[in-house]
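**Q** Next comes the sequence, and after it the predicted model I'd like to discuss.
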Amino acid sequence: MTPRPGRLGIGIIGAGRVGPILGAALAGAGHAVIGITAISQASRDRADAILPNVPILTVPEIVERSELVIIAVPDSELAGLVAGLAATQTWRPGQLVLHTSAQFGTAILAPAQAAGAIPLAIHPALTFTGTSIDLARLADSYFAVTASSPVLPIGQALVVEMGGEPVIVAEADRPGYAEAIETATAFSSSIIEQATSLLAGIGIEHPGAVIAPLVRSAMENALASTGPDRRTLRMRGRDELGDGPFPFDQFNQFDQED
């Protein structure tokens, strides 16, 4: 299933804006994407564009064939999906199961864990377009990682291999983290819409282009005042994980109990 030692066979449930991009990023690190689910024509087109030659499979097929299952579905569907696969005894012992929701930690994956799977909650703090542009943006992004202490290195290593920077968020803190992400996203969008509307109202053409440098510089200045720069934080994260590729082929030896 894996192309070389230490690499994983990855299946993706959900071909929205997030799942295919994370799959492509991990494929770039040498992992094998064995399949993805896609229902609508738009999701099939997206999967084909981002992950060419990766087969479209059913959800059970994804779970049965994968060492790492990435679940990238709407929050409202996550609990039912995980529980349904547990009810049909589809989850496999020792399998990594990762969801991408900001709101939830690993508790929502309890039915899979009860079947022997290893749960991870990893959320990329990025607004996705669902195009290849996102792959470059991952290199400048942070990911919230929630997992039991013995499993945290797996989550952190996956994030680093996708080009991002891992930030540990405790299970109890996921709702607060999700609120912060929603606040930043909604506030930024509403302020920009308001500003461009005002400029358009006084006859300025291409108002978005006019305020883009201002918005970027204002945001950078505001973010710089909150703490260390991104380069410093990224170097710290790399030092914590050490050098060389992570031995994913040994992940099933981890004891999940704290």
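**A** That came through, no problem.
**Q** Kindly list the longest strand within the protein.
**A** In the chain, taking DSSP state E as the definition, the longest strand is strand 118-124.
**Q** That strand - which strands sit beside it in the sheet, and in what orientation?
**A** strand 96-99 (parallel), strand 142-146 (antiparallel) (DSSP bridges).
**Q** among the ones you listed, which is the most enclosed?
**A** Sort the strands paired with strand 118-124 by mean neighbour count, taking mean count of other Cβ atoms under 10 Å, and strand 96-99 sits at the top with a mean of 26. From N, CA and C alone the C-beta is placed, and that goes for glycine too.
**Q** Can you name the residues in contact with that one?
**A** By Cβ atoms under 8 Å, 6 or more residues apart in numbering, the residues outside strand 96-99 that reach it are 8, 67-72, 78, 82, 91, 108-109, 112-113, 117-122, 154-155, 158, 251.
**Q** try stretch 28-37
**A** In contact with stretch 28-37 (Cβ under 8 Å, 6+ apart) are residues 1-4, 7-15, 19-20, 23-24, 26-27, 47, 51, 54-59, 61-62, 65-66, 68, 135, 161-162.
**Q** which of the residues in it are buried?
**A** 29, 31, 32, 33, 34, 35, 36, 37 (16 or more other Cβ atoms under 10 Å).
**Q** one step back: figure out how far the longest strand of the chain is from the centre of its chain.
**A** The gap between where strand 118-124 is centred and where its chain is centred comes out at 8 Å by Cα atoms, centre = their mean, to the nearest Å.
**Q** any idea of the mean pLDDT for that strand?
**A** Averaging pLDDT along strand 118-124 yields 98.
**Q** mind saving the C-alpha coords of it as CSV?
**A** C-alpha atoms of strand 118-124 as CSV (Å, rounded to 0.1, in the frame of the first residue of the first chain):
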residue,chain,number,x,y,z
ILE,A,118,-6.2,6.1,16.6
PRO,A,119,-8.0,9.5,16.6
LEU,A,120,-6.5,12.9,15.6
ALA,A,121,-8.2,16.3,15.2
ILE,A,122,-6.2,18.6,12.8
HIS,A,123,-7.7,21.8,11.6
PRO,A,124,-5.8,24.1,9.1
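**Q** tell me the pLDDT at residue 202?
**A** At residue 202, the model reports a pLDDT of 92.
**Q** so what's it up against?
**A** Per Cβ under 8 Å, 6+ apart, neighbours of residue 202: none.
**Q** Give me the angle between the helix or strand containing residue 180 and strand 118-124.
**A** Assigned by DSSP states H and E, residue 180 belongs to helix 174-201. Relative orientation of helix 174-201 and strand 118-124, computed by axes from the mean of the first three to the mean of the last three Cα atoms, to 10 degrees: 20 degrees.
**Q** and residue 6, what pLDDT?
**A** For residue 6, the model assigns a pLDDT of 76.
**Q** oh, I was asking about residue 184
**A** 86.
**Q** any idea how far it lies from residue 39?
**A** The spacing between residue 184 and residue 39, counted by Cβ to Cβ, to the nearest Å, is 30 Å.
**Q** Name the residue in the two with the higher neighbour count.
**A** residue 184 (13 against 10; other Cβ atoms under 10 Å).
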